[in-house]
Structures are given as structure tokens and as C-alpha cells.
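Visitor: Please work out how this folds:
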Amino acid sequence: MKGNTVLKGKVVVVTGASGGVGRAVVRMLGEKGAKVALIARGETGLASAATEVGGEGGTAKVFPADVADHEQVDAAADSIENELGPIDVWINVAFSSVFAPFTEVEPAEYERTTQVTYLGYVWGTRAALLRMRSRNKGVIVQTGSALAYRGIPLQSAYCGAKHAIKGFTESVRTELLNEGSDVKITMVQLPAVNTPQFDWVLSRLRRHPQPVPPIFQPEVAAQAIVYAAEHPSRREYWVGGTTAATIIGERLVPGLIDRYLGKTGVESQQTEDKPSGVANLWDPADENRDYGAHGSFDDRSKDRSVQVWLSQHRNVIAAGLGTAAAATLTVLAARRSN
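Guide: Reported below is the predicted structural model:
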């Protein structure tokens, strides 16, 4: 990760920086020598994250804020530019959720999940664009999910928010293209990731929630997100073979996937253990405890993904396949002429 100097000295904002994927992202940005602005609610997690960024060689400063509040987000952006300099990259990661069947989620909980997980991205994007557009440069990275394409049971609020983020991002992208702007916006669609989400999410399940296997470590996601920040011209990156399969399957056989998830989706998202009893929907779970980047599934999680490399080198692969096809046609033509 240290070889690329695109982000060295750049001001990079990361929401949800105190834990999970956001925590892994800021560590990698530290390796790059970036000036990292960390936004989240939990100040214990933020302080530990800032220490890790400094330990990796970057500069870190903490800006506690609730991304659901547009005034807090905008105030944080002002403070970042005053203290670190003009924002070069804004990475939206922060989210919250509720694990429960739709009718068991209270309206206030659904509203709060939407405010954090969807509107948090809207306010972050808005704060970034209000500052980047006048300079005609900058990058916005939206951390998405395979669930932006395919809803699953027990996560209707989260799936709805991720679908909304995708539509919102596409709309903003077309506006930037219409303006001829050099500000770039891209999205990274993630698979199931081993983060503290499953230890601190509000849950009404009888058993402890888990990511739908196969599960990937947060560093796999972080690598793809940081790469997207360095190479934002591509509109979207897919992480994990399951993400690619989910998106393609949804395009081809959505009804079949409905029935499959109806049979398997509830059980596959629960372990045999009891829920933790911790919930971060209204208050940060990491206010007095540092959860770090990893969740409870280290022994079942993958630390690499071939699909990440394929997504990042799609043009090279396409060119190689084109060359191979051309060579094959040449050989066949030569044989026919003989």
C-alpha cells in the first residue's frame, strides 16, 4: 500500500472512522501519508483510530459528529478545512441498522437508520461538493454494498438506504458530468464483512446476528475503497465474488433469488449464540470502549479477494481477452487458407 503516493499529504475525510471498515480505511490512509480527518460519534474509538493513523505515518485529527445531522457535518467540514486544509477526498462509510423483521422495527428506529445510513451520505456528499465544486477538483467515495442491488430479509431499513445511496450517487454523477466538472464520485460495493456491526447493531433476533457467509476481513474492503479514492474515474467497484454474483444474479433471475432468500436468508444471518445486548442506533457503542476494525468472525473470514483485483484491472483483462480472441481468429483464418 505504501508504494502509491497519490494520497500523500492529501486531506481525506472518513465518516464512520472509529470502527469497522472505516477504521481499516484510516489505517491504510495513514500508510499513504495522508492527512486524515476522522468523523464518528464514539470518541474512544476515534482517539484510538487517530493514534493508529499516526503510527502508520499519516496525520490524523478527530472531528466528532453525528452524520445524521447536516449542521454537524457541515460544521465538521469547516473545521477540517480550517485546521487541515482544503478537502481533497471525502469517503462516506458511517451507517447504522436494525436486525429484525420489517414489522418489528419501530417507526422511530426506521427513521433513525435512514437518517444515519442514507442521509449521512447525502450530508457528507453535500458538504464535500460545496467545497470541491468551486475548486473544480476532488473525489467522493461512497461505501456501498451488494445489498444496494439486492434486498435480503431482516435488514429492510439498511437495504433500503443502500439502494437509495446508489440512486442518489448516480443522480449527482450525472449533474457533475453535465457541468463538465472534474470532481469525481465513485461507489464501492462490498460483500459481507467482519466488522463490529454485528456486535453493536440493534437486534430483535433470538440469536446473535452474523454476516451472510462468505465473510471478508475489513482490510479487503479498505483496500478497495482506498484504491477507488486513488482511481475515481470508474463509476463503481465490486468487492468479492459474492458481490459480483449477487449483482449479476439480480439482473438475470431476481425471482429465483427471492425464493432462495425466502428459504435461507433468515437462518444464514444468525449464529447459535445469544445477542450481545449492545445497540448503537441512538448512542455510540464505542463511547467508552474501542471495538477496533474487526468483529467476532476472524476465524471464518477471508483476508483477500480475487474479485478486487479483477474489478481494479478490468480494462487490462478486457484488452487481454481481446488480444487472445484476435490471435485465435488469425490462427483460424490461416488454417482455412491452407
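Visitor: hey, where'd the helices end up in the stretch 151-300 of the chain?
Guide: 156-179, 197-200, 218-230, 241-252, 254-264 (DSSP state H, counting those that start in this stretch).
Visitor: quick one: contacts of the first one?
Guide: Contacts of helix 156-179 from elsewhere in the structure, counted by Cβ atoms under 8 Å, 6 or more residues apart in numbering, are 95, 97-98, 102, 105, 109-110, 113-114, 117-118, 121-122, 125, 129, 133, 142, 144-145, 147-152, 183-185, 187, 235. (Glycine included, C-beta is placed from N, CA and C.)
Visitor: By mean pLDDT, point me to the weakest helix or strand of this protein.
Guide: helix 314-337 (a mean of 55; mean pLDDT, DSSP states H and E).
Visitor: Okay, Thr44 and Ile140: tell me how far apart.
Guide: Here Thr44 is placed at a distance of 28 Å from Ile140 (Cβ to Cβ, to the nearest Å).
Visitor: And Arg27, by the same measure?
Guide: 21 Å.
Visitor: Could you do Gly9 as well?
Guide: On the measure of Cβ to Cβ, Gly9 and Ile140 end up 19 Å apart.
Visitor: With neighbour numbers in mind, choose between these two.
Guide: Each of Gly9 and Ile140 has its neighbours counted (other Cβ atoms under 10 Å); Ile140 has more, 27 against 13.
Visitor: so who does the more buried one touch?
Guide: 89-92, 124-125, 128-129, 132, 183-186, 232.
Visitor: go on, Met132?
Guide: Contacts of Met132 (Cβ under 8 Å, 6+ apart): 87, 90, 138, 140, 183.
Visitor: do Val25 as well
Guide: Val25 neighbours (Cβ under 8 Å, 6+ apart): 14, 17, 91, 93, 221-222, 225-226.
Visitor: so what's it scoring on pLDDT?
Guide: pLDDT, Val25: 98.
Visitor: likewise the one 10 residues further on?
Guide: In the predicted model, Lys35 carries a pLDDT score of 98.
Visitor: ditto for Pro275
Guide: 86.
Visitor: just to revisit the earlier point, same list (the contacts of Met132) but as JSON lines, adding pLDDT, secondary structure and distance to Thr246.
Guide: Shown next, in JSON lines, are those (pLDDT from 0 to 100; DSSP: H, G, I helix; E, B strand; the rest coil; distance: Cβ to Cβ, whole Å):
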{"residue": "Ile87", "pLDDT": "98", "secondary structure": "coil", "distance to Thr246": "33"}
{"residue": "Trp90", "pLDDT": "99", "secondary structure": "strand", "distance to Thr246": "27"}
{"residue": "Gly138", "pLDDT": "98", "secondary structure": "coil", "distance to Thr246": "30"}
{"residue": "Ile140", "pLDDT": "99", "secondary structure": "strand", "distance to Thr246": "24"}
{"residue": "Val183", "pLDDT": "98", "secondary structure": "coil", "distance to Thr246": "29"}
